[in-house]
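Visitor: fold the following and give me the result.
(chains A and B)
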Amino acid sequence: MALNLLADISPWLPSHSSDVNIRRELFAALIGAILVIPQGITFAYLAGLPPEYGIYTAIFVTLFASLFGTSSMLGGPNTAVAILIGIAVAPFAGRGSPLYIEYVLLLSFMVGLIQLTIWLLRGGRFFMYLSPAAITGITTGVGFILILSSLDGIFGLSSSDTHFFYHKLYFLFDDAENLVNPFSFTVGATTVVAGMIARHYIARYAILIAITVGYLCGLLLMSYYSQVEMELELLGHLPINPLPFSHPPMGTDYLITGLAMLPDALIIALIGLAQSMVIVKQLRNDTDQPIQPDKEVFAQGIANFMAPFFSSFAGSGSFNRTQVNQSMRAETPLTGIVSAGIVLVFILLLGPVLTYLPMPAISGTLMLVGIGMIKSDEIKRLFNWRGELAVFATTLFCIVFLGLQTGLVVALILSVLLFVISASSLELIVEREAVSVKIRVEGHLFYASIDQLSQILKKHRQENVILDLSVVTYLDLSATEAITRELAKRDIESTFFAVKLSSERLQNQFETRMADQPVQFIQYNHTY
Amino acid sequence: MVDWLIRLFFNNCPDSLKKPFKRRFGLLLLLLPLFIAGPVQSEQLPIESLLQRSYLDDYYSNVVYGYRIVTETEKYGARYTGNNLRCSNCHLNAGRKENGLPLNVAGMYPKWRSKNGRRNGIGLRIRECFVYSLNGIMPPEDAPEVMAVAAYISYLSHGETIGKAPAGRGVPTLPDTGYDPNPASGKAIYDQTCAACHGSNGQGIAHMPPLWGMNAYNEGAGMASVHRAAGFIWANMPLGQERTLSHQQALDVSAYINMQIRPGDPREYKLLKLFETVSWFFDR
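Guide: Coordinates of the predicted model:
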């Protein structure tokens, strides 16, 4: 009953409500809520914000993304988006300062606007061009960045000491006895080890087990040493407000910074959407949920657009939580909506206990997430094909050495390039028949690929030619022009030139363009 | 003056000299007033005008954030505080009152302190305030709250000399009265002059800080030292009628306040705060 009512007011399809197991959905929501709390805190730390902002993101971005979405995909705080926000805003204000928070809200607002624009332009389908190799490269690179940034917390370095990664490693080894905080390291290492062991037995709850073990380890240390002598960083009180209204800052002063952040906003919007679309693609393949990708783009856009009004930063679909959700066989956006509410209740109840959660434990889970993102079997599979491997390696190299933004742009360009190169190479089969040469063309005939065909035609200028275009589905103006040019040079009296096309539409197109050319057509449905 | 010199020079020299001179030294002459005027004295904007601005750069936004943490600690510094005190309860007038623990001390740090036997930067000093006076947890050295308060302190310290104690630093040291502090007479004075604002049980009332009990500063705080608290009380209390108590009365009140129950020193009572929190969690 309640579900039907919800189905009517929410934009997702009422057809969901036919055979939905509501208890299954609610249980999946509970698990999703438990998993998102450490993630929200960690990703707020990555974005350089106070932890409560991560919790708000886990509540409100999840809520709006599910409210307007069509799938069981869980939105909310996302690793790559959080890292990118941190990188984008850091040059303009000190991490966590009030100005920084205003800029993050402004950035999230811009991300939402850009995503809504992409939705208006029906741009969702372009994300299907991001090649799997590039995605593997991005996730591996992000995993690498996560592991490196988790070192700060685990070894107790202050974030002002962070350098380019091999600087950091060099300083760490060179000056270990002065830099490394042994207590932080104990808690962090315990968390990581516990997580690695838990992953072998119950992979689904590994993060949860790891953070609990890290918390207990911190308590144990705190009962022997005081926090003052340990200098162990703790999470602190979370001033949670159930309705944290805020608004993105407006004004000419902010416009300047806003414009400076525009390229970053564009990249964050694209990367957020790309991740969500990859998840949606997987869900569409694996389940029979009535998913509409365009609506998902809208849901992501509206969630990020609304985020700054609820003290949240931009988010995106979450791979790991959606996977857990899928393994619980949740099928509707109801999971996300309920999970947002459960997070709020949990955090109001658990707040005092979370106060003493050591930050190295959170960094430890960050490292576990990072390790989980580097999937060796996927990388091994890439070694079979050189092109994909090159895309993967270049993307990874750019992310690690030139920064995440550069890496992402390179990945996008490379995947489009790979696609264009493979699309523009023609398969030409030349068969010599009784009186003529039959040239069979496979692929797309357009300006980039026409040159190959022209060369072949030039070679057979003195012979009868049958151009078999029966499997060509795309022909552009430059292709017909090239064929016209070739026809003008042919000896018309002694040879003939025939074209075979795949459809009536193409044939009409061809005939109008070659109105008074000596071309014979073999009917598209003619077989011989 | 400069203008007059230039005109004098130009009116009294031949035309053939004027042109190359103009070309070579014209710009220098134009800039001359700048050199004569000397370095520009930059004026800091008062905090009240900063508060009304809609846009602030990184430094001033941190100064304003620091000011807000100092004056509304329970709201802006909530992440690391553990009691109901505000910084401005001791650092009177948001750290701008002489002899009321003023905060214009950025030039005095880093320095060695016997409290922890280390060289203390201003950051560590601020973090210790969170642990002892605010009875909270120690923020990391790069916490935004610490950075903001540090920015506010350096804003207040503008114009002070590095290494030289600013006027009215800390609290005055009371002279030896020749008598021990007497908590019994301190209680009489407290009930008569202090209880109206701080409550008869030291629990504080709205906008007035508690002096003892679990919501007050802990035993590791500077105020937990009888002589320092006495100096503070003599120079600043009762609010608006400062220096009306005698030195001996201030010492007596201070001894009375500091013999009451309050949270333990976190260096000695390790898990106490956690147990407090958890018991609160179950009491609800």
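Visitor: going forward, measure contacts and count neighbours with C-alpha atoms only.
Guide: OK.
Visitor: what sits closest to whichever residue of the stretch 151-300 of chain A sits closest to chain B if chain neighbours are left out?
Guide: Nearest residue of the stretch 151-300 of chain A to chain B (C-alpha to the nearest C-alpha) works out as residue A:237 at 4.4 Å. For residue A:237, ignoring the flanking residues on the chain, the nearest one in space by C-alpha to C-alpha, 6 or more residues apart in numbering or on different chains is residue B:79 at 4.4 Å.
Visitor: ok, the one you found touching residue A:351?
Guide: No. Between residue B:79 and residue A:351 there is no contact under C-alpha atoms under 8 Å: 11.1 Å.
Visitor: which helix or strand contains whichever residue of the stretch 251-400 of chain A sits closest to chain B?
Guide: Nearest to chain B in the stretch 251-400 of chain A, going by C-alpha to the nearest C-alpha, is residue A:352, at a distance of 6.1 Å. Assessed by DSSP states H and E, residue A:352 sits inside helix A:334-354.
Visitor: contact partners of the helix or strand just after that helix?
Guide: Downstream of helix A:334-354, the next assigned helix or strand under DSSP H and E is helix A:359-373. Defining contact as C-alpha atoms under 8 Å, 6 or more residues apart in numbering or on different chains, one finds that helix A:359-373 is touched by A:38, A:41-42, A:139-140, A:142-148, A:150-156, A:184-185, A:187-189, A:191-192, A:195-196, A:207, A:210-211, A:214-215, A:232-235.
Visitor: name the residues of the stretch 101-250 of chain A found near chain B, please.
Guide: A:158-160, A:222-229, A:231-234, A:236-239 (C-alpha under 8 Å from any C-alpha of the partner chain).
Visitor: hmm, back to that, any residues in contact with both of residue B:79 and residue A:351?
Guide: A:237-238.
Visitor: so between those two, which is more surrounded?
Guide: residue B:79 (23 against 17; other C-alpha atoms under 10 Å in any protein chain shown).
Visitor: so what's the more buried one up against?
Guide: A:236-239.
Visitor: from the residues you listed, which is closest to residue A:416?
Guide: Of all the contacts of residue B:79, residue A:416 sits closest to residue A:238, with 44.4 Å by C-alpha to C-alpha.
Visitor: just checking, the closest one touches residue A:52?
Guide: Yes. The pair residue A:238 / residue A:52 is scored as a contact, 5.9 Å apart, by C-alpha under 8 Å.
Visitor: what about the helices in chain B?
Guide: B:2-11, B:15-37, B:47-52, B:58-71, B:73-76, B:87-90, B:92-95, B:122-131, B:144-156, B:183-189, B:195-198, B:226-236, B:247-258, B:272-283 (DSSP state H).
Visitor: tell me the residues of the stretch 51-200 of chain B that contact chain A?
Guide: B:55-58, B:61-62, B:65, B:78-81, B:131, B:137-145, B:148.
Visitor: could you flag which of those are buried?
Guide: Taking 16 or more other C-alpha atoms under 10 Å in any protein chain shown as the criterion, what is buried in those is B:55-56, B:61-62, B:65, B:78-81, B:131, B:137-145, B:148.
Visitor: return the set of buried residues in the helix or strand where residue A:170 lies.
Guide: Using DSSP H and E, residue A:170 sits within helix A:165-174. Across helix A:165-174, burial judged by 16+ other C-alpha under 10 Å covers A:168, A:172.
Visitor: do you know how far residue A:144 is from residue A:202?
Guide: According to C-alpha to C-alpha, to the nearest Å, residue A:144 stands 24 Å off from residue A:202.
Visitor: and for residue A:500?
Guide: Taking C-alpha to C-alpha, one finds residue A:500 at 60 Å from residue A:202.
Visitor: go on, residue B:156?
Guide: Where residue A:202 is concerned, residue B:156 sits at a distance of 55 Å (C-alpha to C-alpha).
Visitor: quick one: which of these two has more around it?
Guide: residue B:156 (22 against 12).
Visitor: next, count neighbours for the closest residue to that one other than its chain neighbours.
Guide: Nearest residue to residue B:156, sequence neighbours excluded (C-alpha to C-alpha, 6+ apart): residue B:104, at 4.9 Å. By other C-alpha under 10 Å, 25 other residues sit near residue B:104.
Visitor: any idea which element residue A:500 lies in?
Guide: Using DSSP H and E, residue A:500 falls in strand A:497-501.
Visitor: which residues does the helix or strand harbouring residue A:478 contact?
Guide: Per DSSP H and E, residue A:478 falls inside helix A:477-488. Helix A:477-488 is touched from outside by A:445-447, A:450, A:454, A:457-458, A:510, A:513-514, A:517-518, with contacts defined as C-alpha under 8 Å, 6+ apart.
Visitor: now the buried members of those residues.
Guide: If we count by 16+ other C-alpha under 10 Å, those have these buried: A:445-447, A:450, A:457, A:510, A:514, A:518.
Visitor: which of the residues you listed sit farthest apart?
Guide: A:447 and A:518 (22.9 Å).
Visitor: picking up where we left off before, thought the residue of the stretch 251-400 of chain A closest to chain B was touching residue A:237?
Guide: Yes. Contact criterion C-alpha under 8 Å: residue A:352 and residue A:237 qualify, at 6.8 Å.
Visitor: show the pLDDT at the closest residue to residue B:55 other than its chain neighbours.
Guide: Closest residue in space to residue B:55, ignoring its immediate chain neighbours: residue A:253 at 6.6 Å, by C-alpha to C-alpha, 6+ apart. Per-residue confidence (pLDDT) for residue A:253: 79.
Visitor: report how many residues lie close to residue A:253.
Guide: Neighbours of residue A:253 (other C-alpha under 10 Å): 13.
Visitor: okay, buried residues for the helix or strand containing it please.
Guide: Using DSSP H and E, residue A:253 sits within helix A:252-260. By neighbour count on 16+ other C-alpha under 10 Å, the buried set for helix A:252-260 is A:254, A:258.
Visitor: same deal with stretch B:224-243?
Guide: Result for stretch B:224-243 [16+ other C-alpha under 10 Å]: buried residues B:224, B:226-237, B:243.
Visitor: from these, which one has the minimum pLDDT?
Guide: Among the buried residues of stretch B:224-243, residue B:237 has the lowest pLDDT, at 84.
Visitor: who's the closest spatial neighbour of that one, skipping the chain neighbours?
Guide: residue B:243 (7.0 Å).
Visitor: ok so, going back, now flag whichever of the contacts of residue B:79 is closest to residue A:433.
Guide: residue A:238 (81.0 Å).
Visitor: gap between the most centrally placed residue in chain A and residue B:104?
Guide: Centroid check for chain A by C-alpha atoms, centre = their mean gives residue A:275 as the closest residue, at 2.1 Å. As judged by C-alpha to C-alpha, residue A:275 and residue B:104 stand 50 Å apart.
Visitor: got it, and residue A:452?
Guide: With C-alpha to C-alpha as the criterion, residue A:452 and residue B:104 are 78 Å apart.
Visitor: wait, what's in contact with the residue nearest the centre of chain B?
Guide: In chain B, the residue lying closest to the centroid (C-alpha atoms, centre = their mean) is residue B:103, at 2.6 Å. Counting by C-alpha under 8 Å, 6+ apart, residue B:103 touches B:91, B:95-96, B:153, B:156-157.
Visitor: at 6 Å what do you get?
Guide: B:95, B:153 (C-alpha atoms under 6 Å, 6 or more residues apart in numbering or on different chains).
Visitor: and the residue nearest to residue A:328 when sequence neighbours are not counted, how many neighbours does it have?
Guide: Counting by C-alpha to C-alpha, 6+ apart, residue A:328 lies nearest to residue A:28, which is 5.8 Å off, once chain neighbours are set aside. The number of residues packed around residue A:28, counting by other C-alpha under 10 Å, is 27.
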